[in-house]
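**Q** Whatever this is, show me its structure:
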Amino acid sequence: MSKQTFTRVRSRKPDYLRGKLLLAMPNMGDPRFERSVICLCEHSEEGAMGIIVNQPAEHIAFPELMDQLEIPAPPNCAQVGVFTGGPVEPNRGFVLHSADYLHDTSLIVSELVALSATVDILKALAHGTGPQHSLLALGYAGWGPGQLEAEIQENAWLHTEADPDLLFGTEATLKWPLAMAKLGIDLSMLSTQAGHA
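**A** Here you go, the predicted structure:
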């Protein structure tokens, strides 16, 4: 192999998973991520950030959250699903939504999905003028440099393409098994051991 070819191969960027869904393996040892489906909003050599999309927040509903934030909402305030987005900054809100609504500060996750964290989107959602599809997450999941890649190698996660129907149009309890089925995986046949070639 010539020096030029070697340099080209080494400088090629790894396959980052931004915009994909992470699926926790059945042997996930961390109860915070058990059977979780995470939409990866950012993934680079600096780390990764994602929103858990299948753990409804049990302690608060959208209208109550609007009251707490002192955001005026109409009596017939739109119902938006509130989820536990992850263990990092659990008091911070993020709206994962369809890309038909974009604010100057929105993070474009993929062609179909974006992430916003402004009061403006909360007001728009409350009045029914926000994105067509959305979910509100409190907190997020985060990984340092190389941490997610190591966890994937250790067989903690699978990944697949993000499916807006799965993200926004599926009951929370069905998201994980349906995402696994989408990969063609029979859950009863999954090995919990990591394999190395």
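
**Q** Show me where this protein has its strands.
**A** Secondary structure of the chain (DSSP state E): strands located at 20-24, 37-44, 47-52, 82-84, 88-98, 107-108, 113-116, 134-143, 157-161.

**Q** tell me which strands and helices the longest helix seen in the chain is in contact with?
**A** With DSSP state H setting the assignment, residue counts place helix 172-182 as the longest helix in the chain. Packing partners of helix 172-182 (3 or more Cβ pairs under 8 Å, 6 or more residues apart in numbering; DSSP states H and E): strand 20-24, strand 37-44, strand 157-161, helix 164-168. The way it works is simple: take the backbone N, C-alpha and C, and place the C-beta from them, glycine included.

**Q** So what are the sheet partners of the third one and their directions?
**A** Just to be clear, that refers to strand 157-161. With DSSP bridges as the test, strand 157-161 is paired with strand 20-24 (antiparallel).

**Q** Kindly state the beta-bridge partners for Leu96.
**A** Leu115, Leu135.

**Q** circling back to that earlier point, ok, which of the strands of the chain comes nearest Lys175?
**A** With Cβ to Cβ as the criterion, Lys175 lies closest to strand 37-44 of the strands of the chain, at 4.7 Å.

**Q** Which strands and helices lie in contact with that closest one?
**A** Using 3+ Cβ pairs under 8 Å, 6+ apart, strand 37-44 sits against strand 20-24, strand 47-52, helix 172-182.

**Q** Take the ones you listed and write them to TSV, including mean neighbour count.
**A** Shown next, in TSV, are those (neighbours: other Cβ atoms under 10 Å):
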stretch	mean neighbour count
strand 20-24	23
strand 47-52	23
helix 172-182	17
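
**Q** mind putting the strands of the chain in a markdown table, distance to Leu174 included?
**A** Below are the strands of the chain laid out as a markdown table (distance: least, Cβ to Cβ, whole Å):
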| stretch | distance to Leu174 |
| --- | --- |
| strand 20-24 | 13 |
| strand 37-44 | 10 |
| strand 47-52 | 15 |
| strand 82-84 | 14 |
| strand 88-98 | 18 |
| strand 107-108 | 27 |
| strand 113-116 | 19 |
| strand 134-143 | 15 |
| strand 157-161 | 15 |
